[in-house]
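Peer 1: just to be clear, the model below is a prediction. Sequence and coordinates:
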Amino acid sequence: MTSIRTSAPGKLFLLGEYAVLGGAPALLTAVNQRVIVHAKEATSWTLTAEGIGVDALELGPHGALPVDLSEPVAQRLALVDFVRDHVARSYDSPGPALELRIDSSSFQNDGHKLGLGSSAAVAVALTAALCSARGGELELDTVFSLAEAAHKAAQGGSGSGGDVATSVHGGVMTYSRHGTAMPIVVPVEWPTELTVFAVSTGSGSSTVELVGRVNDYQSRDPGGFRLDLERLARLAESATEALASPATFLTLVDDYFHALESLDHHSGAGIVTPRHHEFRTLAAASGAVFKPSGAGGGDLGLVFAKLGGAETLHSAFTEAGAHVIPLPTSSDGVRVEQS
C-alpha cells in the first residue's frame, strides 16, 4: 500500500426521525457533500483534519491521540480516535503507520456546519481507509459495524445508525433496526414527480442534546412518550407506499411535521424552531411542504414539492436568508481508491 483515497457522503433524514429509534423505518438520502480521507504509508503517524483546524498533528503509537493534547482539540478528535481504536481491535496485528488527511470542509458554509451528517461520513470514510491500509477486500457490513460502533461511542451511545448506513450505502433508502441486529437497508427509487431540497441558515444544534431531552421525556412520562412515538411510527411505516403519489406523500410530510411538533411540545426538546415555522409558511405559499430534518433544532430542513417551480422556490428561500442545498437523485456510498 502506497496511498489510499476514500470518501463517503453525508445524509439527510427525509422522514422517520425519532420513530427510527423505536424500530420504525426511516427514509434517508445521501447528499453530494462527501468527506475525503487520504491515507499514505509513513514512518510515523500524523493527522491533518481540514475543517476542524488540525494540521500535521504527530500522533502516538499505532495512531493514538497524544496524551498531552489540549482538551478542546481532544474533543474535536474523539471520533477519529474511536474509529482508530475500533479498527485496531478488529485485527490481530497493528497496521502500517499512516499520514492521514481528513477533509470535511464541504459540510460547512461560511464556517457553519450544515447539519448533513459529517461525523457519520468521517467515521465511514476513515474506517474504510484504515481497513484498506491493512489489505484485503473491504466488506460493507464490516465498515458499517466498525464505523457505527465508533460513531455511537463518540456520541455517548445515542443514535439510530441510519446516518452511518447512508454514508456506507448511498442513494435513497429505508433503514430500520431492531435491537443489536444488523439493520435492514432497502434502496428506494425516488419518484420523478417529486422535488426535494434542503435549506439551512447555518445555525447548528447538538443531536446528542436533543435526543437526550427526548429520552428525559420518555423517563418522566413513558405513556405520553409511547403515544407520540407510535404516531410517528405509523406515519413512517407508510412512507414507501406514499411515494407512489406526490399528493399523498406531501400530505404525509405535513402530518409528520405535526407529529414532530407534538413530540416537541411534550418533551420541550426544541425540535421545531421559530425559523422552521417561517420556512414552513414560505414553502406553503408556493404549494410546497417543509419539515425539519434529523434531530431538529438549528434551522436545517427540507422542502418537498411537486415537480416544477423548483427554481422559484430556491430563489424564495435564498432571498429569505437561507442556504439552499440541492439533493442528488442518486449518490454513491463509500468509495475506495488505492494506488
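Peer 2: Here it is on my side, so go on. Predicted model, so just to flag it, every value in this text is computed and none were measured. Residues are numbered from 1 along each chain as shown.
Peer 1: could you identify the helix or strand that succeeds the helix or strand hosting Gly212?
Peer 2: Using DSSP states H and E, Gly212 sits in helix 207-220. For helix 207-220, the following helix or strand on the C-terminal side (DSSP H and E) is helix 222-237.
Peer 1: now that next one: mean pLDDT?
Peer 2: The average pLDDT for helix 222-237 rounds to 96.
Peer 1: packing partners for whatever helix or strand comes next after that helix?
Peer 2: Next along the chain after helix 222-237, taking DSSP H and E as the criterion, comes helix 239-242. With contacts taken as 3 or more C-beta pairs under 8 Å, 6 or more residues apart in numbering; DSSP states H and E, helix 239-242 sits against helix 246-267. Yep, even glycine has a C-beta here, placed from its N, CA and C like the rest.
Peer 1: so the helix or strand following the helix it packs on versus helix 246-267, what angle?
Peer 2: Next along the chain after helix 246-267, taking DSSP H and E as the criterion, comes helix 274-284. If you take axes from the mean of the first three to the mean of the last three C-alpha atoms, to 10 degrees, helix 274-284 sits at 160 degrees to helix 246-267.
Peer 1: hmm, who's touching helix 274-284?
Peer 2: 199, 201, 203, 257, 289-292, 296, 299, 301, 303, 305, 313, 316-317, 320, 322 (C-beta atoms under 8 Å, 6 or more residues apart in numbering).
Peer 1: and Phe197, how many residues sit next to it?
Peer 2: Phe197 has 18 neighbouring residues, counting by other C-beta atoms under 10 Å.
Peer 1: oh, I was asking about Asp81
Peer 2: Per other C-beta under 10 Å, the neighbour tally for Asp81 reads 19.
Peer 1: same question, the one 10 residues further on
Peer 2: Close neighbours of Tyr91, defined as other C-beta under 10 Å, add up to 12.
Peer 1: out of everything not next to it in sequence, what's closest to it?
Peer 2: Nearest non-adjacent residue to Tyr91, counting by C-beta to C-beta, 6 or more residues apart in numbering: Arg134, 6.0 Å away.
Peer 1: unless I'm mixing things up, the one you found is touching Leu98, no?
Peer 2: No - applying C-beta atoms under 8 Å, one finds Arg134 not in contact with Leu98, separated by 10.4 Å.
Peer 1: quick one, which of these two is more surrounded?
Peer 2: Higher neighbour count among Arg134 and Leu98: Leu98, with 24 against 16, using other C-beta under 10 Å.
Peer 1: how much space separates the residue of the chain most remote from its centre from Arg231?
Peer 2: Taking C-alpha atoms, centre = their mean, the residue of the chain most remote from its mean C-alpha position is Thr43, at 33.9 Å. According to C-beta to C-beta, to the nearest Å, Thr43 stands 58 Å off from Arg231.
Peer 1: quick check on the contacts of helix 274-284: which are buried?
Peer 2: For those, a burial check counting by 16 or more other C-beta atoms under 10 Å picks out 199, 201, 257, 289-292, 296, 299, 301, 303, 305, 313, 316-317, 322.
Peer 1: and these, which is closest to Thr192?
Peer 2: Ala305 (13.1 Å; C-beta to C-beta).
Peer 1: name the SS class of the closest one, please.
Peer 2: strand (DSSP: H, G, I helix; E, B strand; the rest coil).
Peer 1: once you drop chain neighbours, what's closest to it?
Peer 2: Of all residues not flanking Ala305 in the chain, Ala288 sits nearest, at 3.7 Å (C-beta to C-beta, 6+ apart).
Peer 1: inside strands: which ones of the contacts of helix 274-284?
Peer 2: With DSSP state E as the criterion, strands contain Val199, Val289, Phe290, Lys291, Pro292, Gly301, Val303, Ala305 from among the contacts of helix 274-284.
Peer 1: pick out the most distant pair among those residues.
Peer 2: Pairwise distances across the ones in strands among the contacts of helix 274-284 peak at 16.7 Å for Pro292 and Ala305 (criterion: C-beta to C-beta).
Peer 1: I'd say the residue farthest from the centre of the chain and Pro96 touch.
Peer 2: No - counting by C-beta under 8 Å, Pro96 is not a contact partner of Thr43; they are 9.7 Å apart.
Peer 1: how many neighbours does Arg226 have?
Peer 2: Residues lying near Arg226 (other C-beta under 10 Å) number 12.
Peer 1: no more questions from me, cheers.
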